[in-house]
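**Student:** This is a predicted model, with the sequence first.
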Amino acid sequence: MKKGQVHVTETILVVFIVLIILIIGVVGYYRFSFEKNKSLEGELSERAATIMLAKAINLDELACGDGDCVDAGKFLPFRRVLGEDFGRFRSIFGRKKIVFRQIYPVLDENVFDVECDTAKYIQIDYPNNCGKWTVYEFNPENEYGSKISTIVSLYYPEFDKYVVGRLEIDHYDTIRK
Amino acid sequence: MTRLESKGQSEVIGLMVIVVILILMGMFYLGFSNIADSKSSVGERRGLEAENALKAVMKLDLEDYGANVEDLVVNCGNGDCSGLESALIDVYSVVLRPGESYKFSAYIDGVKIYEFGECNLGLVSSYPFPKNGLFYEVKFKLCG
């Protein structure tokens, strides 16, 4: 009887230890898996933003007729259309901020961060009076983002002039739309 | 219970523990294996950057030179490459990021007429254009 009790106690102890190991293993796995998924979300967001870099340059609403440049004359009308049909563009762009800047010829450093708008556009010193066009922005939860960019050819139809610009996309880690 | 039967029970439990530990190790391995590689995004962006760095500059109106880069390449084909070289230095020192280097080469009907820059391993983009009955091609290599 006593021997049997000892055997049963041993068995229970072993099963208990195995259970503890199992629980520690599962908790550890899910903790590391959660962290891995967070970094995966960031990587996927960056991948989506990289695709958006190529897509944004070739959008009919922004691209030049020959498709080899971005038409700066379309920025204001695009903003108007965006205001009227934001849902459609939100489903295309997601949680991002899309900015075009002129980088060559070099603008005065005082205007580098000045936002171009209708008021700046109608002034006589446009486009030298502002440094960036924010064509799209959606970040309802004010998340911190990562920035990627590429060089673009910017065309000003008002002056029939090509300059070198940079397309910057701030993407936010969450890939929810 | 005989001694033999109790030994058998211990062995089964020991085997069960080993199997459980192996399953846990397998789950950890699957959890840590990389699915999306962020380096591939960087590679794609570098390719796009090399292509756009050439296209954008070829279209650029250079007010200081009274011409665009295409015209400067044609002038270089006619023997005067000084304008092209100073334009490239001016423009790419601003357009490219710090630490990036490049090589700019121009060809007429497949024959190299001009080369500028130091860059060995990098991404190449090409911009062909016909002018005055000749076939020009510009190649741009982006390094760094």
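**Tutor:** Sure, I can see it. Numbering: from 1, shown residues only, chains lettered A, B, ... in the order given.

**Student:** longest helix of the chain?
**Tutor:** Just so you know, I chose chain A. Identified as the longest helix of chain A according to DSSP state H is helix A:2-57.

**Student:** let's do chain B instead
**Tutor:** helix B:3-32.

**Student:** The helix or strand following that one close to chain A?
**Tutor:** Moving toward the C-terminus from helix B:3-32, the next helix or strand (DSSP states H and E) is helix B:38-59. Yes: contact of helix B:38-59 with chain A (C-beta under 8 Å from any C-beta of the partner chain) involves B:38, B:40-41, B:44-45, B:48-49, B:52-53, B:55-57, B:59. Any C-beta I mention is one placed from the backbone N, CA and C, and that applies to glycine too.

**Student:** pLDDT below threshold where in the chain?
**Tutor:** Let's take chain A. A:1, A:173-177 (pLDDT under 70).

**Student:** Let me rephrase: I mean chain B.
**Tutor:** B:1-7, B:31-40.

**Student:** Just give me the residue right at the centre of it.
**Tutor:** B:R46 (3.3 Å; C-alpha atoms, centre = their mean).

**Student:** what about that residue, distance to B:C143?
**Tutor:** 10 Å (C-beta to C-beta, to the nearest Å).

**Student:** A:E137 now?
**Tutor:** Taking C-beta to C-beta, one finds A:E137 at 34 Å from B:C143.

**Student:** higher neighbour count, the two?
**Tutor:** B:C143 (18 against 13; other C-beta atoms under 10 Å in any protein chain shown).

**Student:** What is the neighbour count of residue 93?
**Tutor:** Just going to use chain A. 24.

**Student:** wrong chain, I was asking about chain B
**Tutor:** Using other C-beta under 10 Å, the number of residues around B:S93 comes to 10.

**Student:** In three-state terms, label it for me.
**Tutor:** helix (DSSP: H, G, I helix; E, B strand; the rest coil).

**Student:** do B:L121 as well
**Tutor:** Going by three-state DSSP: B:L121 is coil.

**Student:** With adjacent residues omitted, what lies nearest to it?
**Tutor:** B:C143 (6.3 Å; C-beta to C-beta, 6 or more residues apart in numbering or on different chains).

**Student:** Against B:D80, how distant is the one you found?
**Tutor:** Taking C-beta to C-beta, one finds B:C143 at 27 Å from B:D80.
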